[in-house]
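>>> Sequence first, then the predicted structure:
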Amino acid sequence: MSKAFDLKSGRSLEAEKALEEAAFAMSDPSFNKEQAQQLHQKLLGLLGDTDPFWVRWRFVADKKGWLE
C-alpha cells in the first residue's frame, strides 16, 4: 500500500480494478452467468488463493448460480 502509487491495498492496480468490477457485478441484477464466469477467470489470474475476497465472491456466485 502506498499513497505514492495511489494503491488502496497490497494488490496490483489491475487486481484492484477487477475487484471493483466484481463488486459492481455482485449488485447488478443484469450481470449474467457468462459474464460472471469470464470475470471469475480474470480474478483467478489476479488474486492469490487466500485472498479474502474469494469468500464473498464465491458466496454470491453460488447463490446466483454463476459458477455451476
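Nice, I can see it.

>>> now A15: how far from A23?
13 Å (CB to CB, to the nearest Å). (C-beta placed from N, C-alpha, C; glycine too.)

>>> quick one, which of these two is more surrounded?
More neighbours sit around A15 than around the other of A15 and A23, counting by other CB atoms under 10 Å; the figures are 20 against 14.

>>> Just give the number of residues close to the residue nearest to that one when sequence neighbours are not counted.
Distances taken as CB to CB, 6 or more residues apart in numbering put L46 closest to A15, at 4.2 Å, once the chain neighbours are dropped. L46 has 16 neighbouring residues, counting by other CB under 10 Å.

>>> if I read this right, L46 contacts E16, doesn't it?
No: contact criterion CB atoms under 8 Å: L46 and E16 do not qualify, at 9.2 Å.

>>> Show the pLDDT at A61.
Reading off the confidence values, A61 has pLDDT 96.

>>> tell me the phi and psi of it?
phi -60, psi -40 (degrees, to the nearest 10).

>>> mind checking the backbone torsions on the residue nearest to it when sequence neighbours are not counted?
Closest residue to A61 apart from its sequence neighbours, by CB to CB, 6+ apart: L67 at 4.7 Å. Backbone dihedrals for L67, given as degrees, to the nearest 10, come out at phi -110, psi 20.

>>> OK, contacts around L67?
When contacts are counted by CB atoms under 8 Å, 6 or more residues apart in numbering, L67 touches A36, Q37, H40, R58, A61.
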